[in-house]
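**Student:** Quick one: sequence plus predicted model below, questions after.
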Amino acid sequence: MSKQDKTQKIRELDQKLSTLREQRDKLNAEAREWADERDKLNQQTKNLRAEIFELKNKRNKVNEKVKELKQLREKARREMRKKIEEIKEIDQEIKVLYKKKPSRSPQLLKREFDNLEWKMQTTSLSLQEEKELVDEVERLEVQLNVYRKIEELKDKMLELKTGIKALETRRKLRHEELTETAQKSQIIHERMLEKIEKAKGLKMEADELHKNFLDAKERAKLVQRKFTEILNQINSLRDEIRDEEEKEKKKSEKALRKKLEKRAREKVKRGEKLTWEEFQVLAEKEIQAQD
């Protein structure tokens, strides 16, 4: 291939190189755009994950509160059941005592009891009379104790019923708070699920963008490979042209030196004065001859 052909070939390859450079730069720009979009989505996903983590912690705290309220509500129920059982037992005791209840009222029994005690304290009695009065007092005391026990049991039952009402009020309040807290937990959970789904969608979209990025980079690499191959061809052709030009230059210089040498020798024969170049050429020739 002649130098002219090689030069023409270089021009053609330069045009291809320009086209490939444009394609490569365009693909790299496309890859950067894909990467930028991917990074934006990844950042959004990261932000969403932070929000999800925060919501999860918040939901867990609310769930702990729900658990605590359930335990308190259950505790109130157990206390209510216990008091109801105590009321049932007291009611049975009262029924048994009612069967033993004297025919006379507690007021009459108390009046008689007080009269007997007064009599014992203010009247001189024989031992037998005193014994009879003591027996009667004890009998009245037993009958009065039945009424006292009934009243005590009724008071205790009233106290238990009051306690049950207080527990029922507390249980209702706990239940209302529990319902409200559970709803709050559900709302937080739903918000968390929404963000999880959104994060999944963004992750899928980011993965797709990453694929596009890798595809653009791979196509850019293929173009770059072709670019490098053509560039190597151009450099090789330019090296060949330089070598040829160097050879031609040396050949031209050799011919010029021969011409100078011939002219110098002719001048020497004629006894004419030599130029510096002519003198230098002859001197170099002499040195080469001696070597």
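**Tutor:** Received it, and whenever you're ready, just let me know what you need. Computed from a predicted model, the values in this text were never measured in an experiment. Residues are numbered from 1 along each chain as shown.
**Student:** per-residue pLDDT, Glu240?
**Tutor:** The per-residue pLDDT reported for Glu240 equals 88.
**Student:** dump the residue contacts of it.
**Tutor:** Glu240 makes contact with Lys6, according to C-beta atoms under 8 Å, 6 or more residues apart in numbering. C-beta: built from backbone N, CA, C; applies to glycine.
**Student:** sec struct for Lys273, please.
**Tutor:** coil (DSSP: H, G, I helix; E, B strand; the rest coil).
**Student:** Give me the distance between it and Glu286.
**Tutor:** 18 Å (C-beta to C-beta, to the nearest Å).
**Student:** where does the stretch 101-250 of the chain dip in pLDDT?
**Tutor:** 125, 130, 133 (pLDDT under 70).
**Student:** try 80
**Tutor:** 101-106, 109-144, 146 (pLDDT under 80).
**Student:** Show me the helices in it, by range?
**Tutor:** 106-122, 127-270 (DSSP state H, counting those that start in this stretch).
**Student:** Rebuild those as CSV, extending it with distance to Leu48.
**Tutor:** What follows is the helices of the stretch 101-250 of the chain, written out as CSV (distance: least, C-beta to C-beta, whole Å):
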stretch, distance to Leu48
helix 106-122, 78
helix 127-270, 4
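**Student:** Quick check: which of these is nearest to Gln15?
**Tutor:** Closest approach to Gln15 among the helices of the stretch 101-250 of the chain is made by helix 127-270 (9.9 Å; C-beta to C-beta).
**Student:** Can you give the distance from that closest one to the centre of its chain?
**Tutor:** Here helix 127-270 is found 3 Å from its chain centre; the criterion is C-alpha atoms, centre = their mean, to the nearest Å.
**Student:** Past it, which element shows up next along the chain?
**Tutor:** helix 276-290 (DSSP states H and E).
**Student:** Rounded mean pLDDT for that following helix, please.
**Tutor:** 74.
**Student:** List the buried residues of that helix.
**Tutor:** Glu278, Val281, Leu282 (16 or more other C-beta atoms under 10 Å).
**Student:** same deal with stretch 107-118?
**Tutor:** Result for stretch 107-118 [16+ other C-beta under 10 Å]: buried residues Leu109, Glu112, Phe113, Leu116.
**Student:** Now distance to Phe53 too, for the residues you listed, in JSON lines please.
**Tutor:** Below are the buried residues of stretch 107-118 laid out as JSON lines (distance: C-beta to C-beta, whole Å):
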{"residue": "Leu109", "distance to Phe53": "77"}
{"residue": "Glu112", "distance to Phe53": "82"}
{"residue": "Phe113", "distance to Phe53": "79"}
{"residue": "Leu116", "distance to Phe53": "84"}
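**Student:** Now flag whichever of those is closest to Thr162.
**Tutor:** Using C-beta to C-beta, the buried residues of stretch 107-118 come closest to Thr162 at Leu109, 29.5 Å.
**Student:** what about Lys75, distance to Glu85?
**Tutor:** For Lys75, the distance to Glu85 - C-beta to C-beta - is 16 Å.
**Student:** Ser252 now?
**Tutor:** In terms of C-beta to C-beta, Ser252 sits 128 Å off from Glu85.
**Student:** Leu222 too?
**Tutor:** On the measure of C-beta to C-beta, Leu222 and Glu85 end up 87 Å apart.
**Student:** go on, Leu282?
**Tutor:** Leu282 is 141 Å from Glu85, by C-beta to C-beta.
**Student:** Ser185 too?
**Tutor:** Counting by C-beta to C-beta, the gap from Ser185 to Glu85 is 34 Å.
**Student:** More neighbours: which of those two?
**Tutor:** Neighbour tally, Ser185 and Glu85, criterion other C-beta atoms under 10 Å: the higher count belongs to Ser185, 19 against 11.
**Student:** ok, and the closest non-adjacent residue to the more buried one?
**Tutor:** Val62 (4.3 Å; C-beta to C-beta, 6 or more residues apart in numbering).
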